[in-house]
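S.K.: Please work out how this folds:
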Amino acid sequence: KAREYVQVGMIVMGTALLSLGKQQMQHSGNSHLSSTSLGLILILFSLFIDGVTAGLQKRLKLIVAKRAAATNATTESSAHGNPSSAYSLKDTGGGNGATHCTAHSATPPPYEFMFYTNLSMFAVSYSLSHLLSETTPALLLLSAHPPLRSLVVRLCVCSAAGQSFIFYSLAHFDPLVCSTVTTTRKIGSVLISIATKGHRLSAQGWAGVALALAGIAGEVQGKC
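M.R.: Numbers count the residues shown, from 1 in each chain. Predicted coordinates for the structure are as follows:
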């Protein structure tokens with residue numbers, strides 16, 4: 001629905017304004033203007049890629065659903081035509097010889113989805129780091145500073161745990177819901193940082209907070 005896209009757009013743009021305005025009052029001069037311009041360009045590019053990714057995710061879910069429906073229809077047809085088929089029927093237990101058709105899920109398996117996505121990300125990241133000659137210096141840095149290894153491991157564990165929830169949302173809900181979850185998490189992280197670290201927030205940042213919260217409130221109201 002158009003309303004859902006508007007609400008998600010408000011949340012994303014509010015998060016963008018919040019991120020840009022987080023420490024705006026701590027900087028001044030042309031370097032700040034240059035940094036802000038670059039940040040805007042990167043944010044717009046990120047939003048564009050997010051839109052492309054959401055479209056691909058919806059297409060993937062439709063393909064999986066269509067294949068599951070076709071497979072289930074074929075399985076059901078085979079079960080009626082050949083009741084003794086071991087590939088289409090499964091014993092339900094209980095000793096009464098009852099059987100049922102094995103249904104295929106209409107949603108992509110979250111952790112399989114997560115595995116192949118991260119595998120692709122690893123291939124791209126490794127290729128770019130190799131082309132930019134950053135792989136060897138990174139390995140040398142980890143070798144020279146052993147405490148960094150435990151931090152990297154902790155980062156990986158936390159990232160994997162967080163991604164588990166993200167890919168579960170992607171598999172079972174609409175990509176717009178996932179966008180809402182991730183951007184809301186970003187707002188929460190920034191607000192916690194402001195409250196616990198004493199970071200200052202400009203008027204632009206607070207405007208972003210208000211815009212994002214308005215989008216979240218509109219979505220909650222629409223679900224009620």
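S.K.: For this protein, which segments count as strands?
M.R.: Assigned by DSSP state E, the strands in the chain fall at 89-91, 99-101.
S.K.: Low-confidence ranges, this protein, go.
M.R.: 1, 19-36, 39, 51, 76-107, 220, 222-224 (pLDDT under 70).
S.K.: so where do the helices sit in it?
M.R.: 2-21, 30-81, 110-131, 135-144, 147-172, 175-197, 203-223 (DSSP state H).
S.K.: Can you get me a residue count around residue 71?
M.R.: Residue 71 has 14 neighbouring residues, counting by other CB atoms under 10 Å. No exception for glycine: its C-beta is placed from N, CA and C like everyone else's.
S.K.: For the residue nearest the centre of the chain, which residues are in contact?
M.R.: Most central in the chain under CA atoms, centre = their mean is residue 166, positioned 4.9 Å from the mean C-alpha point. Each residue near residue 166 by CB atoms under 8 Å, 6 or more residues apart in numbering is listed here: 178, 181, 182.
S.K.: Tell me who's in contact with the first one.
M.R.: Contact analysis of residue 178 by CB under 8 Å, 6+ apart lists 57, 166, 169, 170.
S.K.: Give me the contacts around stretch 117-137.
M.R.: Under CB under 8 Å, 6+ apart, the answer for stretch 117-137 is 138, 163, 167.
S.K.: Kindly indicate which of these lies nearest residue 9.
M.R.: residue 167 (23.3 Å; CB to CB).
S.K.: ok, that closest one - contacts?
M.R.: 110, 111, 113, 114, 117.
S.K.: Kindly recompute the last result at 7 Å.
M.R.: 110, 111, 113, 114 (CB atoms under 7 Å, 6 or more residues apart in numbering).
S.K.: Count residues in the vicinity of the third one, would you?
M.R.: Think residue 113. Around residue 113 there are 20 residues (other CB under 10 Å).
S.K.: so it touches residue 171, yeah?
M.R.: Yes: in this structure, residue 113 is within contact of residue 171 by CB atoms under 7 Å, at 5.9 Å.
S.K.: circling back: how about the contacts of stretch 117-137 in TSV, adding distance to residue 202?
M.R.: Below are the contacts of stretch 117-137 laid out as TSV (distance: CB to CB, whole Å):
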residue	distance to residue 202
138	35
163	32
167	35
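S.K.: Could you check how far the residue nearest to the centre of the chain is from residue 203?
M.R.: Residue 166 sits 32 Å away from residue 203, going by CB to CB, to the nearest Å.
S.K.: what residues are up against residue 53?
M.R.: With CB under 7 Å, 6+ apart, residue 53 has no contacts at all.
S.K.: go again using 10 Å as the cut-off
M.R.: 117, 170, 175, 178, 179 (CB atoms under 10 Å, 6 or more residues apart in numbering).
S.K.: Just give me the closest of those residues to residue 156.
M.R.: Looking across the contacts of residue 53 and measuring by CB to CB, the closest to residue 156 is residue 117, at 15.0 Å.
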